[in-house]
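Engineer: Whatever this is, show me its structure:
(chains A, B, C and D)
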Number of protein chains: 2
Amino acid sequence: MSFDSIDRRILELLQDDGRMTNVDLAEKVGLTAPPCLRRVRALEEAGAILGYHAEIDPATLGYPITVFAMVSLRSQAEQDLAAFEQHVATIPEVRECHMLNGEIDFILKIVASDLKGFQDILMTQLTPAPNVASVKTSLTIRTAKSLPGIPIRSA
Amino acid sequence: MSFDSIDRRILELLQDDGRMTNVDLAEKVGLTAPPCLRRVRALEEAGAILGYHAEIDPATLGYPITVFAMVSLRSQAEQDLAAFEQHVATIPEVRECHMLNGEIDFILKIVASDLKGFQDILMTQLTPAPNVASVKTSLTIRTAKSLPGIPIRSA
DNA sequence: TGCTACGACGCAAAATCTTCGGTTCCGAAA
DNA sequence: TTTCGGAACCGAAGATTTTGCGTCGTAGCA
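Structural biologist: The predicted model follows:
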């Protein structure tokens, strides 16, 4: 699978505005609508585009708190790692879970309605979970940069 | 600004599939197309919907490496914090920058094409930046969970 | 109770977009 | 030079988006 400069421009534009009409998109990349649509479908088919999402303001919707939690487990056996992942998958407030190398096994991004809500999750769902050795959390004071996805090199 | 259950359902559906047609959306929330579109526009206007983005597969597009960098600064004076934020804003590979409380001042999500690319950013852009006291990095081994935005309570 | 104003919905129509062939153009290979 | 394959353009049919307008339900008030 290889992407030419038009494909990359399409991806860049859709990453920036995922609801742009195909007509607009076509015009911006210098094609007419039909071939542009075929390229978009092909990119979806190829797995380059995984989906489209509205970006919703967490504060407006009642989630003003974002916390990062650094979790270390007692055992790093694959089945224990997987068990932890399956556990956090069931917690709606945990939006991301990345397995890391080094001392910290996982970093979690957690949203909450208030500090109490966050403490509830931490104390009832995270700290007491099986195999959890330590959980260090940091409140987000402000988010200075938040770009979707990846930079798309126009080369 | 308050959102009723239809608004929340709209947000939930668009967060999940941001390119759904308004006709489909209207049907799913139990409205006809015009009032549904009016609600979407109102949500955009109110700032509840910040934008729409295609989710692009980083690996397919040449960014198989994701790294978290925990940065501590020497000075936490507001102007020094802001200076660091402005600096990372210019680095395309830095996709997110969150200011935290506690020992770590910032957590950065960084993408890279390969380890060398990551090292380049680290050694030339991050570690030597003004006021940076320490940078601890962790490679992402795998991402177990990655949901957009926030949970939307149907209450 | 009865009136009015307001907000939101549904219907219908116009404008726009998506999508499907069919045809043309261009570059590579025989 | 001719042929072939890939990809683009054109035009048209079917959907979707978007606007204008009439109606309904509700809250506030005399």
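Engineer: pLDDT weak spots in chain A?
Structural biologist: Where chain A drops to pLDDT under 70, the residues are A:1, A:154-155.
Engineer: how about the residues of it near DNA strand C?
Structural biologist: Residues of chain A lying close to DNA strand C by CB under 7 Å from any atom of the strand are A:21-24, A:33-34, A:37. Using the backbone N, CA and C atoms, a C-beta is placed for each residue, glycine as well.
Engineer: would you list every one of the strands in chain A?
Structural biologist: For chain A, applying DSSP state E gives strands covering A:49-56, A:65-73, A:94-100, A:106-112, A:132-146.
Engineer: Ok, which of those strands comes nearest residue B:107?
Structural biologist: With CB to CB, the closest approach to residue B:107 among these belongs to strand A:65-73: 5.8 Å.
Engineer: Would you mind getting the angle between that closest one and strand A:106-112?
Structural biologist: For strand A:65-73 against strand A:106-112, the angle by axes from the mean of the first three to the mean of the last three CA atoms, to 10 degrees is 150 degrees.
Engineer: Stretch A:53-71 near DNA strand D anywhere?
Structural biologist: No - using CB under 7 Å from any atom of the strand, we find that stretch A:53-71 stays clear of DNA strand D, coming within 13.4 Å at best.
Engineer: what's the span of that stretch from first residue to last?
Structural biologist: End-to-end distance for stretch A:53-71, by CA to CA, to the nearest Å: 28 Å.
Engineer: tell me the centre residue of chain A?
Structural biologist: Centroid-nearest residue in chain A, with CA atoms, centre = their mean: residue A:96, separated by 6.1 Å.
Engineer: give the contact list for that residue.
Structural biologist: Contacts for residue A:96 (CB atoms under 8 Å, 6 or more residues apart in numbering or on different chains) come out as A:107-109, B:143, B:145-147.
Engineer: from those residues, which is closest to residue B:13?
Structural biologist: Nearest to residue B:13 among those, counting by CB to CB, is residue B:147 at 14.4 Å.
Engineer: For chain A, list the residues in contact with DNA strand D, please.
Structural biologist: For chain A, the residues in contact with DNA strand D (CB under 7 Å from any atom of the strand) are A:6, A:30-35, A:38-39.
Engineer: do that again at 6 Å, thanks
Structural biologist: Within chain A, the residues that sit near DNA strand D (CB under 6 Å from any atom of the strand) are A:31-32, A:34-35, A:38.
Engineer: filter the residues you listed to the buried ones?
Structural biologist: For the residues of chain A next to DNA strand D, a neighbour count by 16 or more other CB atoms under 10 Å in any protein chain shown gives the buried set as residue A:31.
Engineer: Of the strands of chain A, which is nearest residue B:58?
Structural biologist: Closest approach to residue B:58 among these is made by strand A:49-56 (9.7 Å; CB to CB).
Engineer: I would like the residues contacting the closest one, please.
Structural biologist: Counting by CB under 8 Å, 6+ apart, A:11, A:14, A:18-19, A:40, A:43, A:148, B:11, B:14-19, B:48-57, B:148-150, B:152 sit against strand A:49-56.
Engineer: 7 Å instead, please
Structural biologist: Applying CB atoms under 7 Å, 6 or more residues apart in numbering or on different chains, the contact partners of strand A:49-56 are A:14, A:18, A:43, B:11, B:14-15, B:17-19, B:48-57, B:148-150.
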